[in-house]
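Q: Task: produce atomic coordinates for the following.
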Amino acid sequence: MAANVRKAVFPVGGLGTRFLPATKAIPKEMLPVVDKPLIQYAVEEAAAAGIEEFIFVTSRGKTAIEDHFDHSHLLTTSLEASGRQDLVALIEDWLPGPGQVAYVRQMSPLGLGHAVWCARHLVGDEPFAVILPDDLVQAETPVMAQMVAAHAEMGGNLVAVMDVPREETRRYGILDVAHDDGRLAEVSGLVEKPDPADAPSTLSIIGRYILSADVFAELDAMEPGAGGEIQLTDAMARLIGRMPFHGLRYEGRRFDCGDKLGYLEATVAFALARDDLGPGLASYLSSTVRATGEES
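A: Numbering: from 1, shown residues only. Next up is the predicted model:
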């Protein structure tokens, strides 16, 4: 049986240039989907999977993330004085406990592999999760919980995967598959952002990983890959054959919140799923579609 996954790394050092000017002063991970920032969805997903330690790889200008995962005594006191215990619960009940959150700086933007490598001393020599907050998944069972259960069976390295149109393979890490039972795909190779003509499959990695600590030794080489960055995919590929490696077709709907359209789709989908907002929003969208159709 594989070791428990107790730690998760959240690479949150990016500049968020695709959302400028909104992200000029606000970290992209703090952009809200309805009324909760992306990074909180990611941490709650990890906690629901039994993760106990949350490691943020940050950069300059990300202090809002640190503040969000801290107690706001002034706000709490003010809400309690007003009798708004319901709002106190909204800002307090989900917070990790003392000592469960750690931060490390990625001082240079050298890629995802470099960001993960920056967390090596905090992770140690145990298996760990990596969660990219830009990938938001609406699922009955959180994706990381699905992955932790699969990892307990298979061990080794595990990535969440989905099939994409072949013309989009240049946007993802793509699996070369040795065996596929429809749920778990045994990985024989990985290619980072291949041209569609060269892609070994259309099975792509999304921003969820459970990795062996052996990946840090591979990242130590600091070999640049696609785009001149230190690619996590390249380091994982060098571990193939040395330990089990699988891709899990997760259950759920993924939204690319690093893209403006994906972010808007996520906001609509998560709002529609809420009892307090869904009916009103559905009515508005329906009337808007009808009006647009009549105008055209």
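Q: Tell me where the stretch 51-200 of the chain has helices.
A: Ranges of helices within the stretch 51-200 of the chain are 63-68, 73-81, 85-92, 112-117, 120-123, 143-154, based on DSSP state H, counting those that start in this stretch.
Q: Quick check: buried residues in the first one?
A: Using 16 or more other CB atoms under 10 Å as the burial criterion, the residues of helix 63-68 that qualify are 65, 68. Every C-beta, even on glycine, is put in place using the N, C-alpha and C of the backbone.
Q: Which strands and helices lie in contact with that helix?
A: For helix 63-68, the elements it packs on are helix 38-48, strand 53-58, judged by 3 or more CB pairs under 8 Å, 6 or more residues apart in numbering; DSSP states H and E.
Q: Mind exporting the C-alpha coordinates of stretch 133-146 to PDB?
A: C-alpha atoms of stretch 133-146 as PDB (Å, rounded to 0.1, in the frame of the first residue of the first chain):
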ATOM      1  CA  PRO A 133      -5.500  26.800  -8.700                       C
ATOM      2  CA  ASP A 134      -6.200  27.900 -12.300                       C
ATOM      3  CA  ASP A 135      -7.700  24.500 -13.000                       C
ATOM      4  CA  LEU A 136     -11.100  24.500 -11.100                       C
ATOM      5  CA  VAL A 137     -13.100  21.300 -11.200                       C
ATOM      6  CA  GLN A 138     -16.700  21.000 -10.300                       C
ATOM      7  CA  ALA A 139     -17.100  17.400  -9.000                       C
ATOM      8  CA  GLU A 140     -19.300  15.500  -6.600                       C
ATOM      9  CA  THR A 141     -16.100  13.900  -5.200                       C
ATOM     10  CA  PRO A 142     -13.200  16.400  -5.200                       C
ATOM     11  CA  VAL A 143     -10.600  15.500  -7.800                       C
ATOM     12  CA  MET A 144      -7.800  15.200  -5.300                       C
ATOM     13  CA  ALA A 145      -9.900  12.900  -3.200                       C
ATOM     14  CA  GLN A 146     -10.400  10.700  -6.300                       C
END
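Q: which stretches of the stretch 151-296 of the chain aren't confidently modelled?
A: 294-296 (pLDDT under 70).
Q: Show me the one of the helices and strands packed on helix 63-68 that comes nearest Ile206.
A: For these, the distance to Ile206 is smallest for helix 38-48, at 12.6 Å, taking CB to CB.
Q: hmm, back to that, quick one: closest of the helices and strands packed on helix 63-68 to Glu168.
A: helix 38-48 (21.8 Å).
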